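Novice: sequence unknown, structure follows:
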Ligand SMILES: [Zn+2]
């Protein structure tokens, strides 16, 4: 049973931190207060972040109970609970964007925060040598059991010389406690000319106290907008290859019965037959569903930001 703290009371030990993106220590402007009572502040560099925030030692506890707000399973990690059908019959988030821009056949790819390996499966299916890493072992174990190269760990656990043509970070960067350290490691694992795709919730869509940012996913530490995401990546030697933008996600990754119009009579009876469900599965193997992105006309109000970047710095160690 999930334990819920009283609303507005974070019971974890907290620490005040400098800006995780630029290191500036200043009197930050508080821009919002979350449901758990923690403040979101904004630095002059544009990044918004939780400050003070749970200490490094308290962060595992924050994940263990999915935090003071007491959200429980509905929006937590178990929302990604896998089935082989969900793996094979719908695209992972962001697939349409990265598949359009990257040559995946023969590429070496890494999905950071891979959960049970959906991105890794589709990269593999597109001909890539695909790897995924995640801190939480349950999904990794499941995907590994289905033949995917998934590993428990962080970038530190990759072999020293492993480098990748395509790296994906889908709803991951907003969780990272040591942002500068992480970005430095990201730079080291990219092959020259490689691509990194970053998706994160869009704080540019923040619209006051009722905003979703303050009420769900309270394990998030960082709140990006397109400009602050670009700023972070630029500071670490990456350039956007396409304008980073906010998107509305149109979820089509739903069971067939939820996206098909209701039918009656003989067709309704047939739809209930197990063989029909099996036929749908076979059809989806060849014609998968996905979450489509619709670019927000204002480029700010969409719920998610996706940026695709290429490293620009010369490779470390390339000069004597
Ligand atoms: Zn800053």
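Specialist: Received, thanks. Just so we're clear, the structure is a prediction, and the values are computed from it rather than from any experiment. Residues are numbered from 1 along each chain as shown.
Novice: now for the spatially closest residue to residue 47 that is not a sequence neighbour, how many residues are close by?
Specialist: Excluding the flanking residues, the one nearest residue 47 by C-beta to C-beta, 6 or more residues apart in numbering is residue 21, at 4.2 Å. C-beta: built from backbone N, CA, C; applies to glycine. Using other C-beta atoms under 10 Å, residue 21 is surrounded by 23 other residues.
Novice: and residue 21, which of the three is it?
Specialist: For residue 21, the assignment made with DSSP: H, G, I helix; E, B strand; the rest coil gives coil.
Novice: that one: what's it in contact with?
Specialist: By C-beta atoms under 8 Å, 6 or more residues apart in numbering, the contact set of residue 21 is 43, 45, 46, 47, 49, 179, 180, 228, 231, 232, 235.
Novice: what parts of the stretch 1-150 of the chain come near the ion?
Specialist: By C-beta under 5 Å from the ion, the residues of the stretch 1-150 of the chain that approach the ion are 19, 21, 22, 24, 43, 45.
Novice: what is the most widely separated pair among those residues?
Specialist: Farthest pair in these (C-beta to C-beta) is 21 and 24. Separation: 8.7 Å.
Novice: on that earlier part again, are any of the contacts of residue 21 buried, and if so which?
Specialist: Burial by neighbour count, 16 or more other C-beta atoms under 10 Å: within these this picks out 43, 45, 46, 47, 49, 179, 180, 228, 231, 232.
Novice: so who does the fourth one touch?
Specialist: In other words, residue 47. Residues counted as contacts of residue 47 (C-beta under 8 Å, 6+ apart) are 19, 20, 21, 22, 222, 223, 224, 228, 231, 232.
Novice: still on that earlier bit, lowest pLDDT pick from the residues of the stretch 1-150 of the chain next to the ion?
Specialist: Among these, residue 24 carries the weakest pLDDT, at 88.
Novice: quick check, residue 193 in a helix?
Specialist: No. Per three-state DSSP, residue 193 lies outside any helix segment and is strand.
Novice: wait, what's in contact with it?
Specialist: Counting by C-beta under 8 Å, 6+ apart, residue 193 has contacts 165, 310, 311.
Novice: so which of these wins on neighbours?
Specialist: Of the contacts of residue 193, with other C-beta under 10 Å as the count, residue 311 tops at 22 neighbours.
Novice: quick check: chain neighbours aside, which residue is closest to residue 276?
Specialist: Using C-beta to C-beta, 6+ apart and skipping the chain neighbours, the partner closest in space to residue 276 is residue 270 (5.8 Å).
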